[in-house]
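*Asks:* For reference, the sequence and a predicted model appear below.
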Number of protein chains: 2
Amino acid sequence: MTNAKPRATMKDVAALSGVSLKTVSRVVNEESPVSDDLRTRVLKAIDQLDYRHNWAASNLRRRVGRARVLGVLLQDLANSFSSGLLRALEDACHERGIALLAASLDEEPDRERLLVADLVSRRVDGLVLMPATEQQRYLEAELRAGLPTVFVDRRPRGVDADSVTVDNLAGGYDAARHLLQHGHRRIAVLSDLLTITTAQHRIEGVHRAMREASVEPDPALVRTDIRTSEDAELILADLLAGEDPPTGVIALRNILSIGTLRAVRYAGASGRVAVVGFDDFPTAELMDLTVIRQDVAQLGARAAELVLGRLDGEDSPPQHVVVPHTLIERGSGEIAPPARH
Amino acid sequence: MTNAKPRATMKDVAALSGVSLKTVSRVVNEESPVSDDLRTRVLKAIDQLDYRHNWAASNLRRRVGRARVLGVLLQDLANSFSSGLLRALEDACHERGIALLAASLDEEPDRERLLVADLVSRRVDGLVLMPATEQQRYLEAELRAGLPTVFVDRRPRGVDADSVTVDNLAGGYDAARHLLQHGHRRIAVLSDLLTITTAQHRIEGVHRAMREASVEPDPALVRTDIRTSEDAELILADLLAGEDPPTGVIALRNILSIGTLRAVRYAGASGRVAVVGFDDFPTAELMDLTVIRQDVAQLGARAAELVLGRLDGEDSPPQHVVVPHTLIERGSGEIAPPARH
DNA sequence: GCGATCTATGACAACGATGTCATCCGGTAT
DNA sequence: ATACCGGATGACATCGTTGTCATAGATCGC
């Protein structure tokens, strides 16, 4: 309500309690000695006026101690991967009283640039970024200015900065090898936007495993730039209905796994098409989905560690942390291909 | 990196371009007419110095236009209900350039009070709150000071403020009636903390439906204060293994639904125990889970509408918006009880 | 050509707070 | 009694920016 009277300031408190503004400041900050008499009067006035310390103003004056906020830009806050990451960051930041300004990028490069500019203008203490842009040279000035920045899930391109990722190539490789070992040769691959390096690496890993097993990837079975669960479902339904359909599917992102499972199910092929998903999610176990799991909690924890470290003055060269991934067998990935006829 | 030289200010830009500070301000804010000559010089200096407008300082000076931040305190950012809500809020706020400071409360009352105090100190423009406290009288001063506050998922208690919820009683009622209509008499109910009014209402709705159908709820089948999916699983496994086990289960929260499905499954009772869940989630359809869906997007949208309206000066009395819920039949809720022997 | 009017620019105070330094006080040493 | 000291308090400048007002110079009309 804009017509309400403005909040009380230290000046108001000082006036009401009959002391100087500076004394109020001392009481509020529990600084140097203030006589009990004055302290009591000030506290009473604070209470009467509902005075609340103004962190922004305080922060403007103090040079150090900064704003205690991190900017966190992720792919989609509603997606369990992003939200799990956000939560892990929160856990690491909470005890230090650091708050998180969070937003979704939706793989839109312009949105990323806009939001970064906004966060910089708000003078966040640091940035955690899952970039949507193909290269982040636009960040150069900020990095030069010493803005602690950590990339998560995707490496920086065009600039150098800390990053925390899994070995996506190895992840893709493991997924494919798993299917190959179970006898699959016709393997469909569903991928997100190819502009995302992470997606490229995963595909590359899949292809490497296949070639090592002397299986030449069929371009018709490698479908990329799939953005939604629904699209994944349609595309895979198509592949399954075609001639010489895949016997195994690798879905390179959690929502694509979900679309995959639907397509398999509605094609009446449950239990007959093998599926390995990239990224674990809360109900994957219940659906017997074999996945390459990234430890989201650890990704977030390491990212937080890096930013907070930089905040504390750490100024070693940028680090690129690689968090281990795990193949979790739950059934869907261990389905054998139908016997050749 | 703390040793980096501090960011350039308008003063620096003014000095470098040989104009007054105020002129720089005019250029930056595209205010009143500045000659092309000066504008060019200023812009060049801004570029050279990597000057970035300091929103915090600017905001301190301007009385209106506020900080363009909302505080958003939800149950658990990693849970799809909270994260879906956050995303809906983001969608509504993004175009207005309003950012979100988000945090999880984990049903801890102290954490709520602390975080609210922190957000107030940061002078957020408004608050979206899924409270963990039993009553929110501690908010009185802030409400009086005109802090736009909207409760989501749970009504305020002890104070009056806007809220957006579903009719939880009716939701519980519908869930129970659905099972009753399919012939169930022994219905287990799994609920979150009873301190949450939302949980109370849901149970109340369930009981009302049962009594209307002349079925007296068996206290042994009503289990409350279940916090995790794992606990729900254990508790239900116990009930299913007991004598006179339930033939139908109502899980009053999304994670409890997941625990329920696991218990049913690992008891080897898939397809033989009916389940209705409260809250839909991304993979519920794939698991044939019948649910009472709250339209999370709409919950978020209406909440945003209310806060943003208040920001725009709307000062009507607090509103309590009730968003419709829907029963979505997917199979698990339509399983008939075994024939009586 | 002169005053009136406008336009672009700058000087200065202020937003809400804290850092620095001066001042005032009583108490102590001499 | 005087000089000195240390502790409590306040005056003032300052953080980075914008609102207000003054001013200088250009423009206009008659």
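*Replies:* Good, I have the coordinates.
*Asks:* So which residues of the stretch 101-250 of chain A form strands?
*Replies:* Assignment of strands within the stretch 101-250 of chain A using DSSP state E, counting those that start in this stretch yields the ranges A:126-129, A:149-152, A:162-166, A:187-190, A:222-223, A:248-251.
*Asks:* Out of those, flag the one nearest DNA strand D.
*Replies:* When those are compared by CB to the nearest atom of the strand, strand A:126-129 sits nearest DNA strand D, at 18.4 Å. Heads up, the C-betas are built off the backbone N, CA and C, glycines and all.
*Asks:* hmm, the closest one touching chain B?
*Replies:* No - with CB under 8 Å from any CB of the partner chain as the criterion, chain B is not reached by strand A:126-129; the gap is at least 10.6 Å.
*Asks:* Dump that strand to PDB, restricted to CA.
*Replies:* What follows is strand A:126-129 as a C-alpha-only set of coordinates in PDB (Å, rounded to 0.1, in the frame of the first residue of the first chain):
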ATOM      1  CA  GLY A 126      28.400 -13.400  -7.000                       C
ATOM      2  CA  LEU A 127      26.800 -15.300  -9.800                       C
ATOM      3  CA  VAL A 128      25.900 -18.900 -10.400                       C
ATOM      4  CA  LEU A 129      25.200 -19.400 -14.000                       C
END
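*Asks:* contact partners of the strand or helix carrying A:R265?
*Replies:* Assigned by DSSP states H and E, A:R265 belongs to helix A:254-266. Contacting residues not belonging to helix A:254-266 are listed as A:79-81, A:190-192, A:226, A:228-237, A:240, A:249, A:251, A:270, A:273, A:275, A:277-281, A:284, A:287, A:289, A:291, A:332, B:282-283, B:285-286 [CB atoms under 8 Å, 6 or more residues apart in numbering or on different chains].
*Asks:* Which segments of chain A make up each domain?
*Replies:* A:10-53, A:69-165+A:297-323, A:168-295+A:327-334 (automatic domain parsing).
*Asks:* Those into a markdown table, with extra columns for mean pLDDT and distance to B:V323?
*Replies:* Converted to a markdown table, the domains of chain A look like this (pLDDT from 0 to 100; distance: least, CB to CB, whole Å):
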| stretch | mean pLDDT | distance to B:V323 |
| --- | --- | --- |
| domain A:10-53 | 92 | 32 |
| domain A:69-165+A:297-323 | 97 | 18 |
| domain A:168-295+A:327-334 | 97 | 24 |
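*Asks:* okay if I get these as JSON lines plus distance to B:A170 and mean neighbour count?
*Replies:* JSON lines is the format used below for these (distance: least, CB to CB, whole Å; neighbours: other CB atoms under 10 Å in any protein chain shown):
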{"stretch": "domain A:10-53", "distance to B:A170": "38", "mean neighbour count": "16"}
{"stretch": "domain A:69-165+A:297-323", "distance to B:A170": "26", "mean neighbour count": "20"}
{"stretch": "domain A:168-295+A:327-334", "distance to B:A170": "27", "mean neighbour count": "20"}
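*Asks:* any idea how far the closest residue to DNA strand D within chain A is from A:R39?
*Replies:* At 2.7 Å from DNA strand D, A:P33 is the closest residue in chain A, using CB to the nearest atom of the strand. A:P33 is 10 Å from A:R39, where distance means CB to CB, to the nearest Å.
*Asks:* Show me what residue of the stretch 51-200 of chain A gets nearest to chain B.
*Replies:* Per CB to the nearest CB, the residue of the stretch 51-200 of chain A with the smallest distance to chain B is A:G146, at 3.1 Å.
*Asks:* I'd assumed A:R7 was in a strand, is it?
*Replies:* No - when classified by DSSP: H, G, I helix; E, B strand; the rest coil, A:R7 is found to be coil rather than part of a strand.
*Asks:* what separates it from B:L73, distance-wise?
*Replies:* Applying CB to CB to A:R7 and B:L73 gives a distance of 20 Å.
*Asks:* near chain B, which residues of the stretch 101-250 of chain A?
*Replies:* A:101-104, A:117-123, A:141-142, A:144-146, A:148, A:229.
*Asks:* go with 7 Å
*Replies:* Taking CB under 7 Å from any CB of the partner chain as the test, the list of the stretch 101-250 of chain A residues beside chain B reads A:101-104, A:118, A:120-123, A:141, A:144-146.
*Asks:* could I get the residues you listed as JSON lines with distance to B:P318?
*Replies:* Output for those, formatted as JSON lines (distance: CB to CB, whole Å):
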{"residue": "A:L101", "distance to B:P318": "28"}
{"residue": "A:A102", "distance to B:P318": "27"}
{"residue": "A:A103", "distance to B:P318": "29"}
{"residue": "A:S104", "distance to B:P318": "30"}
{"residue": "A:D118", "distance to B:P318": "31"}
{"residue": "A:V120", "distance to B:P318": "37"}
{"residue": "A:S121", "distance to B:P318": "33"}
{"residue": "A:R122", "distance to B:P318": "30"}
{"residue": "A:R123", "distance to B:P318": "34"}
{"residue": "A:A141", "distance to B:P318": "46"}
{"residue": "A:R144", "distance to B:P318": "49"}
{"residue": "A:A145", "distance to B:P318": "44"}
{"residue": "A:G146", "distance to B:P318": "45"}
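*Asks:* List just the nearest of those to A:A209.
*Replies:* Ranked by distance to A:A209 (CB to CB), these are led by A:S104 at 32.5 Å.
*Asks:* Just grab the bridge partners of that closest one for me.
*Replies:* In this structure, A:S104 has the following beta-bridge partners (DSSP bridges): A:L74.
*Asks:* show me the contacts for it.
*Replies:* When contacts are counted by CB atoms under 7 Å, 6 or more residues apart in numbering or on different chains, A:S104 touches A:L74, A:Q75, A:D76, A:L77, B:R87, B:E90.
*Asks:* Distance to B:A15 added to the residues you listed, as TSV?
*Replies:* Putting these into TSV (distance: CB to CB, whole Å) gives the following:
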residue	distance to B:A15
A:L74	39
A:Q75	42
A:D76	44
A:L77	42
B:R87	44
B:E90	39
